[in-house]
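> Quick one, what's the 3D model for this:
(2 chains)
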2 protein chains.
Amino acid sequence: MKGVRAIVLAACVCGTVPVGAAPADPTPPHSLMPVPAAVTFGDGALAIDAGFDVAVAGARDARVDAAAARLVARLSAETGIPMRRTGAKPALSIEYGRAAPGVQGAIEDESYALVVTPQHARLTAQTPYGVLRGIETFLQLVQAGPAGFVVPAVTIQDRPRFPWRGLLMDVCRHWMPVEVVKRNLDAMAAVKLNVLHWHLSEDQGFRVESRQYPRLHQMGSDGLYYTQDQIRDVVAYARERGIRVVPEFDMPGHTTAWFVGYPELASAPGPYEIERRWGVFRPTMDPTRESVYRFLDGLLREMAALFPDPYFHIGGDEVEGHQWEENTEIAAFKATRGMKTNADLQAYFNRRVLALLQKLGKKMIGWDEVFHPDLPRDTVVQSWRGADSLAEGAARGFQGILSAGYYLDYLRPASAHYAVDPLGGKAAELPDDAKARILGGEACMWAEYVTAETVDSRIWPRAAAFAERMWSPAEVADVTEMYRRMDIVSQRLEFAGVRHRSQSRVMLQRVAGYQPLEALEVLADAVEPLGIGGRSRATTYTSATPFNRFVDAVIPDNPRVREFASLVDGFLADPRRAANRAAIEARLGEWRSQQAALQAHLSGSALLQELGPVSKDLAEVAAIGLFAIRALVEGVPNQPAPQLAVLEAAAKPKAEVTLAVVPAVRKLVEATGRPAEK
Amino acid sequence: MKGVRAIVLAACVCGTVPVGAAPADPTPPHSLMPVPAAVTFGDGALAIDAGFDVAVAGARDARVDAAAARLVARLSAETGIPMRRTGAKPALSIEYGRAAPGVQGAIEDESYALVVTPQHARLTAQTPYGVLRGIETFLQLVQAGPAGFVVPAVTIQDRPRFPWRGLLMDVCRHWMPVEVVKRNLDAMAAVKLNVLHWHLSEDQGFRVESRQYPRLHQMGSDGLYYTQDQIRDVVAYARERGIRVVPEFDMPGHTTAWFVGYPELASAPGPYEIERRWGVFRPTMDPTRESVYRFLDGLLREMAALFPDPYFHIGGDEVEGHQWEENTEIAAFKATRGMKTNADLQAYFNRRVLALLQKLGKKMIGWDEVFHPDLPRDTVVQSWRGADSLAEGAARGFQGILSAGYYLDYLRPASAHYAVDPLGGKAAELPDDAKARILGGEACMWAEYVTAETVDSRIWPRAAAFAERMWSPAEVADVTEMYRRMDIVSQRLEFAGVRHRSQSRVMLQRVAGYQPLEALEVLADAVEPLGIGGRSRATTYTSATPFNRFVDAVIPDNPRVREFASLVDGFLADPRRAANRAAIEARLGEWRSQQAALQAHLSGSALLQELGPVSKDLAEVAAIGLFAIRALVEGVPNQPAPQLAVLEAAAKPKAEVTLAVVPAVRKLVEATGRPAEK
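Numbers count the residues shown, from 1 in each chain, chains lettered A, B, ... in the order given. Okay, the predicted model is just below:
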């Protein structure tokens, strides 16, 4: 990891700019994310103007030519500079050594080198994958300079730390149309993720057209499924971006939707209906019947042809067991074969499915529960239970990827995911060959509490921090610096096509009844939405529940909340009690006045009504904060206990959002209880 | 116009809510735009929930079924409520009398009646067009009530005032991809516009694939043209929404791009290059050569088949004349035929082209210049010169549509377009039969100073005010009330697909270098961009000039500017000098402090640099405003002359934007010079 020191140095040279402050250097800070393995900035910059063009040399892979054309189009869109490809004296040359086979493998050479001088940029790579990754780096380097857009002079040697860098999209709990998947593929490519784990079947829906067994999608999807043409289109779209598509058909549990059209697959008699609640449900395939395997043989054959990836995900999680235990024939089957537990029966099922997949040339991947010593060693185990089980599998010779710690649906801060390392914990103690079996990880966007409208803001920009953990050297771990870059990448991702910020504002407008309601924006800037844990406890959700509320419009890991916390830290660190004071008081003033402005509108709209207590709490928090600032500035001693009690109550979730600014105000109040440092 | 009184009454009942104030009635105000011919609100409201469905009865037109499906999808998207069409007890019934012929005529019955009770909604119409218009009204009625989304009980009888309600999109000066055209068709449909005037050829580009004469698009478009499949797709998309597509192929001038591939059509020898500047240029077709008409015969035949509309627009404007005068053969031709002027020669050309169009069953439409007594009376003259020429044409028996006063590229306020009536001025004195020949109007979005990225915000929401002038009774003319509704419709149009607000924010982020730069938003909220007049004088633009500057990101007819003006009016109307004072001072305070925040960033970015003087001016304006408020509140006499001089300088455009808040501040300052009213 020779390059690491150069990176850290470079990060310092560019300046870690505190929010709200002016940079010492007039050059805007760089915003590479993931941080490359080795980067050294030089002097000067390459100008980006209307004459920009790209030339490609070396091997011939249609993907690279398409990517070069896309680069110019995206550069034009991001800079707003019209670019007409004239072929004259290209500013960027791309060279690569070899074309890649039609199907992307789980482990490919994705390394690249990018050298930019004030005269020219050169991107070299062994494979098309390296070119694709390097193009994204080039785009992230573009910035507005004093004389126009430029790419700073730089030398980058880059390669990923892990080969498997995935995003799971659940399109079953809530349906995600093709365009949603595509724009997320674009965003994935922008941060160098390379696996779309497409969770395609569930209790709540079977989302792929099956010509072999058409009742699967016809009866199991409410009409919300991908046609086979659409599947091929998405797979091709992903391939163009160097992204593998790993389909998941979860079995033998999570299969209610299959049984609506084919009840004979289940372990208990039908009829079945599409499940409309969230949770773990009883319907489970009957692993004792040969007809089930004949059905799966046909289906897997059909699906294996649609999805060219070498891996095929069979789920295998959360088999609930009731149906197996209540079925006397299944009990007899277990007894006959000496199976003691449902896990034994599931292992039998997995071996049978494995045989079907092997016949189709596929390797199997499944969740933790599929782990069994009998499995072939090229089976990949995806750990949702924890890093320790991942390490255990790797020690026994299995490949593994980590998802525990990367569940986006909990809406935890990016820093939490950033801190989770597939090679942390017990894995850190593994020998190198076992470590090499830990292929990477996948961020999981389970869709119980997101819809096609909100999913972008629940994935982005937090998944960019995960992507950096997957790609960059382990030593790249400064959280403040990560957030600085993530906030910039977040803005740029809107140009990649995801609408995680802009749609949030449109949704706030809906909550406001399409009237100008700045008070609602003030409130939105002070809160964070609850994740799956909090929301599932708050009320009973079903697939008919609207996701149009304030909680759905506001964003997790709110940068405006982080900004306020950073202002408070700066204020408290200043013994003169002057730093950031005006900015903090301005913010607190907005919080105080939003209540009166909102109050008048609350009763008229069901979407606003629930915000009364949140709005009132924020106004009280503001009053406490303003009092604390005054006490600190004037050095007046304070007994903070009653104020802390009010803050504690205000910190409790209401309307499924949390007043995320409370901890920063608490710091102010706590400081009033300490002797002044005069 | 029996219904007008009912409308006005309804508008009063709903409350004309001043910006920033609480409504007297907790029900949000209604936001129908265009206002229907007759509307009477009743008691109660129809609930809109997950069970919402539509039933269609009567005639069978596939468009109506598609529109019903789209209605449910849009209602679901706008409310955020998942809607699964179960067919059980539909909340909305649609009935219509007859299917319509395949091709929409220039005059169709677009009337409809909509009756909503707390139990049910019923939409009836004679034709599919009436149904399409009524569906848009229904969608605009949806609002959030205390118990969830509702449509208030209402009885509406509606029909348009003018049959021809168009939007011209110039896709030649700047290229507009298919998706840009489509989302604008959606927005047009939302405000009941029914003609897309597609300006497809220009000096700067020939934008349609011609199989007959492929060098037209191959050499005349930089590769930026619509394939014939795309044309058919857009025409079908428009047809589904009850929108006609009238193609314009401008001739004999504005034809440089044609001559790149076919120089033999021109009046002077080639070679020609695509024109990259804006203006009126010399290249003009040679109207004396038979080969030109053979060429046009072939092309018009091909294009007539692509565009089924009964009308075909031949442009005919701004024939510059130099090439004709310098060509001795053309001079001889004129002399031989006794033609005195170039206008005579152009009239000859028009008659020849008319004959070609008539052979194809098309009626001709052209700009003012085509007007000639010989033309058949079903020729439509589109007036860009003024309402008087429109009235003159109508008096002589010609059909006409008005575009003078509706040029969106001047970026004038919506109120200016709203005040222009096709039947105003001389037309008001015409006899009824002549009035009836005035078919309506078209708003024109010429594209010299807009791009695919900025065009939405240059059309919307101002075109909605134009649409109301075209559709609603002439008596609907209250500007304050229009703006209240337009601001709401504007927000909702983002759900229809145009990105006039959200992309503006993304563009501001680009100007800010993707850093949080609230100061830039404060500045953006105080300015308006210059239109074509100001920009063309500011610097020399070409098709290679980027449109990525602050001026391109900020929006015309800025609602935040209007809001400030309204606050000032309220303050000045209050003899106690208390109304809105805090809000005005808060705004002025932001203006004052933005300068320091921006200053630190200006030198680092070419996109920010030019804003120094604007930022400084705004801070000075703020200081003057704050001083004036204090003087007014304290009753201190003031000699306003020096302050007014500063304001006058600040009001001058800089960086191609205007500090649009200056007039309101001037009002404050002027008031300080008047004796206090104590």
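> What average pLDDT does stretch A:603-615 get?
Taken as a whole, stretch A:603-615 has a mean pLDDT of 94.
> List the contacts of that stretch.
Here stretch A:603-615 makes contact (Cβ atoms under 8 Å, 6 or more residues apart in numbering or on different chains) with A:510-513, A:519-520, A:523, A:527, A:548-550, A:594-595, A:598-599, A:601-602, A:654-655, A:657, A:659, B:23, B:26-28, B:144-149. (Glycine included, C-beta is placed from N, CA and C.)
> who in the stretch 51-200 of chain A is up against chain B?
Taking Cβ under 8 Å from any Cβ of the partner chain as the measure of proximity, the stretch 51-200 of chain A contacts chain B at A:77-82, A:84, A:143-149.
> Rebuild these as JSON lines, extending it with pLDDT.
Below are those laid out as JSON lines (pLDDT from 0 to 100):
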{"residue": "A:77", "pLDDT": "93"}
{"residue": "A:78", "pLDDT": "94"}
{"residue": "A:79", "pLDDT": "95"}
{"residue": "A:80", "pLDDT": "94"}
{"residue": "A:81", "pLDDT": "94"}
{"residue": "A:82", "pLDDT": "93"}
{"residue": "A:84", "pLDDT": "84"}
{"residue": "A:143", "pLDDT": "93"}
{"residue": "A:144", "pLDDT": "91"}
{"residue": "A:145", "pLDDT": "90"}
{"residue": "A:146", "pLDDT": "91"}
{"residue": "A:147", "pLDDT": "91"}
{"residue": "A:148", "pLDDT": "93"}
{"residue": "A:149", "pLDDT": "96"}
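> Most neighbours among those, please name it.
For these, the largest neighbour count, defined by other Cβ atoms under 10 Å in any protein chain shown, is 25 neighbours, found at residue A:149.
> and that residue, what are its phi and psi?
phi -70, psi 140 (degrees, to the nearest 10).
> For it, name its beta-bridge partners.
residue A:144 (DSSP bridges).
> Output the residue of the stretch 51-200 of chain A whose distance to chain B is smallest.
Residue of the stretch 51-200 of chain A nearest chain B, by Cβ to the nearest Cβ: residue A:80 (2.4 Å).
> correct me, but that residue touches residue B:453?
Yes: because the distance of 6.6 Å satisfies Cβ atoms under 8 Å, residue A:80 is recorded as touching residue B:453.
> Identify the contacts common to the two.
Joint contacts of residue A:80 and residue B:453 (Cβ under 8 Å, 6+ apart) are B:507, B:547, B:552.
> now, which of those residues lie close to chain A?
The residues of the shared contacts of residue A:80 and residue B:453 that also fall near chain A, by Cβ under 8 Å from any Cβ, are B:507, B:547, B:552.
> between these, which is nearest chain A?
Among those, residue B:547 lies closest to chain A (Cβ to the nearest Cβ), at 6.0 Å.
> List the residues that contact the closest one.
Residue B:547 makes contacts with A:80, B:174, B:449-451, B:453-454, as judged by Cβ under 8 Å, 6+ apart.
> can you give me the end-to-end distance of stretch A:248-267?
21 Å (Cα to Cα, to the nearest Å).
> buried ones in it?
Going by neighbour count (16 or more other Cβ atoms under 10 Å in any protein chain shown), the buried part of stretch A:248-267 is A:248-262, A:265-267.
> Flag every residue of the stretch 551-678 of chain A that's near chain B.
Contact residues (Cβ under 8 Å from any Cβ) of the stretch 551-678 of chain A with chain B: A:552, A:559, A:563, A:600-601, A:603-609.
> Kindly recompute the last result at 10 Å.
A:552-553, A:559-560, A:563, A:582-583, A:586, A:589-590, A:593, A:596-597, A:599-609 (Cβ under 10 Å from any Cβ of the partner chain).
> Just the buried residues out of the residues you listed, in PyMOL syntax.
In PyMOL syntax, the buried subset of these is picked out as below (16+ other Cβ under 10 Å):
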select buried, chain A and resi 552+553+559+560+563+583+590+593+597+599+601+602+604+605+606+607+608
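> For chain B, give me its nearest residue in the stretch 401-550 of chain A.
For the stretch 401-550 of chain A, Cβ to the nearest Cβ, closest residue to chain B: residue A:548, 2.4 Å.
> Contact partners for that residue?
Neighbour list for residue A:548: A:451, A:453-454, A:507, A:510-511, A:606-607, B:76-82, B:144, B:149 [criterion: Cβ atoms under 10 Å, 6 or more residues apart in numbering or on different chains].
> Identify those among these that sit within strands.
B:144, B:149 (DSSP state E).
> Looking at the contacts of residue A:548, which are in helices?
Mapping the contacts of residue A:548 onto helices (DSSP state H) picks out A:507, A:510-511, A:606-607, B:76-79.
> So which residues of the stretch 201-350 of chain A form helices?
Remark: helices assigned in the stretch 201-350 of chain A by DSSP state H, counting those that start in this stretch are A:215-220, A:228-240, A:256-261, A:290-306, A:322-326, A:328-336, A:342-359.
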